[in-house]
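Enquirer: I need the structure of the sequence given here:
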Amino acid sequence: MAKEKARDLRTGIALLWGEQDQPTRGPKPSLTPGRIAEAAVAIADAEGLAAVSMSKVAATFGVSAMALYRYVPGKTELIELMVEFILAEVPDLSAVAGGWRPRITQWARLSQQVHRAHPWLLAAVAIRRQAMGPHQLGWLDAAFAALNGTGLPAAQQHRIFVLIAGLVRTVAQEQQDFDQAQDEEWNRLTGELIARHADRFPHLTQAIAAGAFAPEPADPLEFALTRVLDGVAALIDQAGRG
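Expert: The predicted structure is shown next:
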């Protein structure tokens, strides 16, 4: 099997940043990468990322898929444009009072809102060798701006950002995968299984009886985010005493 040709990231970056070469001759382009991304986002929101194809997006404009390649080299670049499109509202946390903690909390909440509005984002950002546009980098910049007040080294600020962004994605994935009927059936069967073998798992049995597997709270992000930020606060205190 032939080895897949390595992707030239420069093409995707130029497209995201509007730095691609523009034709100097011929008719004026009737489409733009932004319009194409918007149409693709509408499809993904309604049917999922797997439903997005160059031909399906092209059909919304009444053109052929080949016509779309004049603006977007392929589906990978299209997905990158879609991510950039939905991240257009870059957080401005400068007006959030109270310092780093409420600011990074607001950042996490806004990220959570984007994931809820566009569930396909989880799969889209999992693509390897993804190019990043100004909006996506703007979200990262906003997170660093929020954490700047911690006084922690930049490397630790980045690790904190990775933790929080990963937490938002984890919660989004759990909510996306949740199925009420399957959850109830799993709980019933597992409960019966553990009850039959309670003597083998005494601590688990005791924890279940005490409510360890009670339904998740209405806001599943709150508990985990609070614990992570408590840890960041402890790290800041430790650094201040050092």
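
Enquirer: Tally up the residues packed near Ile104, please.
Expert: Counted with other C-beta atoms under 10 Å, the neighbours of Ile104 add up to 28. (C-beta placed from N, C-alpha, C; glycine too.)

Enquirer: tell me the pLDDT at the residue nearest to Phe213 when sequence neighbours are not counted?
Expert: Nearest residue to Phe213 in three dimensions, chain neighbours excluded: Asn187, at 7.1 Å (C-beta to C-beta, 6 or more residues apart in numbering). The model reports Asn187 with a pLDDT of 78.

Enquirer: So Asn187 is in contact with Pro215, correct?
Expert: No. Using C-beta atoms under 8 Å, Asn187 makes no contact with Pro215, being 9.8 Å away.

Enquirer: neighbour-wise, which of the two wins?
Expert: Taking other C-beta under 10 Å, Asn187 and Pro215 do not tie; Asn187 has more neighbours (13 against 8).

Enquirer: What does that one show for phi and psi?
Expert: Geometry field for Asn187 lists phi and psi as phi -60, psi -40, criterion degrees, to the nearest 10.

Enquirer: which stretches of the protein have low pLDDT?
Expert: 1-7, 21-29, 127-129, 242 (pLDDT under 70).

Enquirer: And it, what are its domain boundaries?
Expert: The chain breaks down by automatic domain parsing into domains covering 9-86, 100-177+212-241.

Enquirer: I'd like to know which of those is closest to His197.
Expert: Of all the domains of the chain, the one in closest proximity to His197, counting by C-beta to C-beta, is domain 100-177+212-241 (16.3 Å).

Enquirer: quick one: contacts for Ser111?
Expert: Trp139, Ala165, Val168 (C-beta atoms under 8 Å, 6 or more residues apart in numbering).

Enquirer: buried ones in stretch 81-95?
Expert: Across stretch 81-95, burial judged by 16 or more other C-beta atoms under 10 Å covers Leu81, Met82, Val83, Glu84, Phe85, Ile86, Leu87, Pro91, Leu93.

Enquirer: Just checking the distance from that stretch to the centre of its chain.
Expert: A distance of 12 Å separates the C-alpha centroid of stretch 81-95 from that of its chain, computed with C-alpha atoms, centre = their mean, to the nearest Å.

Enquirer: First residue to last residue on that stretch, what's the distance there?
Expert: 29 Å (C-alpha to C-alpha, to the nearest Å).

Enquirer: got the contact list for that stretch?
Expert: By C-beta under 8 Å, 6+ apart, stretch 81-95 touches 15-16, 33-34, 36-38, 40-41, 44, 52, 72, 103, 106-107, 110, 114, 117-118, 121, 124-125, 130, 133-136, 138-139, 141-142, 145-146.
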